[in-house]
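Engineer: Output the structure for:
(2 chains, ligands or ions: 2)
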Amino acid sequence: MDGLLNFATVLSLLLIALVLASVRRAHIRVEYSVSWLAGAVVLLVLSRSPRLVEFVAETVGIVDPPVALMLAAGCLFLLVFFRFSVIISKLRDDNVALAQRVAILEYYLRGKRDIAS
Amino acid sequence: MSAVLILVPAFNEEGAVGRVVEEIHAAMPGTPVVVIDDCSRDGTVATALRAGAEILPLPHHLGLGGCVQAGYKLAYERGFDYVIRVDGDGQHDPNDIPRLLDALRTSGCEMVIGSRFIEGKEYTSFSRSLGIQFFRLVLRPILGREVRDPTSGFVGVNRRALEVFSKSFPLEYPEIEALVVLQRKRFRFLEVPCRIRPRTTGRSSITPVKSFYYIVHVLLGVLVNVLRLRPKP
Ligand SMILES: Nc1nc2c(ncn2[C@@H]2O[C@H](COP(=O)(O)OP(=O)(O)O)[C@@H](O)[C@H]2O)c(=O)[nH]1
Ligand SMILES: [Mg+2]
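Structural biologist: Ligands and ions are numbered 1, 2, ... in the order given. Reported below is the predicted structural model:
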């Protein structure tokens, strides 16, 4: 259990560092870094409090605390992925509407140019 | 006299689109033809312009549904009463357009479908007809009636349908989902027998490999639209 907890700590610290570095270099926008950071912080807290992990494991009815930790981490990042799917879908919708609008404006513009020439 | 617009979605169809536009002009003299170019990488735009079409040029590739919807939005904005979609690959015979238009006008239906099965056997591949059979079964309980050719892209709509489609239209593989979108509005459709010609150039975008993805994608789309169905008031 200790080994796993330490591993989770290192992992979450690395994740936090990576996300912060990416935000700094503008590879990730601040608003999209929040879910990653939140997930990483929760993982960090869990990995530093074995009693909390055991408590979670007992309440959910999992005999093995390490399994509970992995499960918690998995669920956490599934939530993050889900959030991103929602965001991507919204972006895609906006992007389609925009492309169609550009096409229509281009169409009108061509018409104007043809009349002018 | 009501205003009619012909929409031709095209993606890399330089080999066919010129002839399609010419045939439409011959069948429907004086009717404007807009080729919607889904960012083709070949000479589709130049060929269509040379044949006398107007161009609605998408700035990047959207896929067939997004492409057709761009055309519907334009037609709705410009106040057209009827819009006929003719594929840019030459598989639809423009000589059938007057009959589609006639059916649209006289029936009062919101949509007419050029259907390849009403009269005898017409050209399709084996896997395509399997897919059509499957979606007939899926659609029958949803629409409460039979559709012979739910995958047909040879479709005419009136202004009521145009208004709905310019707001809500599937992004990919639009034909089947569009039927369910119409059903949501309790709109009616009619099938008109048409000849669907085999492709002479290019190839169908629905390759055998993609057909599994196609089926899953369309089924999900249909499901989503069914969930939005409201009972009759
Ligand atoms: N806009 C757009 N049109 C496409 C795409 N793929 C195919 N098409 C067009 O859609 C029409 C029908 O496509 P096709 O592959 O022949 O489908 P099928 O006739 O149902 O087998 C043709 O006019 C094609 O040019 C695409 O990715 N985007
Ligand atoms: Mg075709």
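Engineer: so what's residue B:160 up against?
Structural biologist: With contact set as CB atoms under 8 Å, 6 or more residues apart in numbering or on different chains, residue B:160 has these partners: B:110, B:185, B:187. To be clear about C-beta, it is placed using only N, CA and C from the backbone, and glycine gets the same treatment.
Engineer: By neighbours, which of the residues you listed wins?
Structural biologist: Most neighbours among the contacts of residue B:160, by other CB atoms under 10 Å in any protein chain shown: residue B:110, with 23 neighbours.
Engineer: so it makes contact with residue B:181?
Structural biologist: No: judged on CB atoms under 8 Å, residue B:110 makes no contact with residue B:181 at a distance of 10.7 Å.
Engineer: still on that earlier bit, show me which of the contacts of residue B:160 has the smallest pLDDT value.
Structural biologist: Lowest-confidence member of the contacts of residue B:160: residue B:185, scoring 90 (pLDDT).
Engineer: Ramachandran coordinates for it?
Structural biologist: Phi and psi for residue B:185, reported as degrees, to the nearest 10, are phi -90, psi 0.
Engineer: contacting residues around it?
Structural biologist: B:110, B:160, B:164.
Engineer: Over to the second one. Which of the three states is it?
Structural biologist: When classified by DSSP: H, G, I helix; E, B strand; the rest coil, residue B:160 comes out as helix.
Engineer: Okay, and residue A:14 sits in which element?
Structural biologist: helix A:2-24 (DSSP states H and E).
Engineer: CA atoms only for that helix, dumped as PDB, please.
Structural biologist: Taking Å, rounded to 0.1, in the frame of the first residue of the first chain, the C-alpha atoms of helix A:2-24 are listed here in PDB:
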ATOM      1  CA  ASP A   2       2.800   2.500   0.900                       C
ATOM      2  CA  GLY A   3       4.500   2.000  -2.400                       C
ATOM      3  CA  LEU A   4       1.300   2.600  -4.300                       C
ATOM      4  CA  LEU A   5       0.500   5.700  -2.300                       C
ATOM      5  CA  ASN A   6       4.000   7.100  -3.000                       C
ATOM      6  CA  PHE A   7       3.600   6.300  -6.600                       C
ATOM      7  CA  ALA A   8       0.200   8.100  -6.700                       C
ATOM      8  CA  THR A   9       1.800  11.100  -4.900                       C
ATOM      9  CA  VAL A  10       4.600  11.300  -7.500                       C
ATOM     10  CA  LEU A  11       2.100  10.900 -10.300                       C
ATOM     11  CA  SER A  12      -0.200  13.700  -9.100                       C
ATOM     12  CA  LEU A  13       2.700  16.000  -8.500                       C
ATOM     13  CA  LEU A  14       4.000  15.400 -12.000                       C
ATOM     14  CA  LEU A  15       0.600  16.000 -13.400                       C
ATOM     15  CA  ILE A  16       0.300  19.300 -11.500                       C
ATOM     16  CA  ALA A  17       3.700  20.400 -12.700                       C
ATOM     17  CA  LEU A  18       2.900  19.400 -16.300                       C
ATOM     18  CA  VAL A  19      -0.400  21.200 -16.300                       C
ATOM     19  CA  LEU A  20       1.000  24.300 -14.700                       C
ATOM     20  CA  ALA A  21       3.900  24.300 -17.200                       C
ATOM     21  CA  SER A  22       1.500  23.900 -20.100                       C
ATOM     22  CA  VAL A  23      -0.700  26.700 -18.900                       C
ATOM     23  CA  ARG A  24       2.300  29.000 -18.500                       C
END
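Engineer: In TSV, list the contacts of residue B:160 along with distance to residue B:67.
Structural biologist: Shown next, in TSV, are the contacts of residue B:160 (distance: CB to CB, whole Å):
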residue	distance to residue B:67
B:110	21
B:185	22
B:187	22
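Engineer: for those residues, which one is nearest residue B:198?
Structural biologist: residue B:110 (30.1 Å; CB to CB).
Engineer: Dihedrals phi and psi, the closest one?
Structural biologist: Torsion angles, degrees, to the nearest 10, at residue B:110: phi -70, psi -20.
Engineer: quick one: buried residues of the worst-scoring helix or strand of chain A on mean pLDDT?
Structural biologist: Every helix and strand of chain A was ranked by mean pLDDT, DSSP states H and E. The lowest is helix A:50-60, at a mean of 87. Across helix A:50-60, burial judged by 16 or more other CB atoms under 10 Å in any protein chain shown covers A:53, A:56, A:57.
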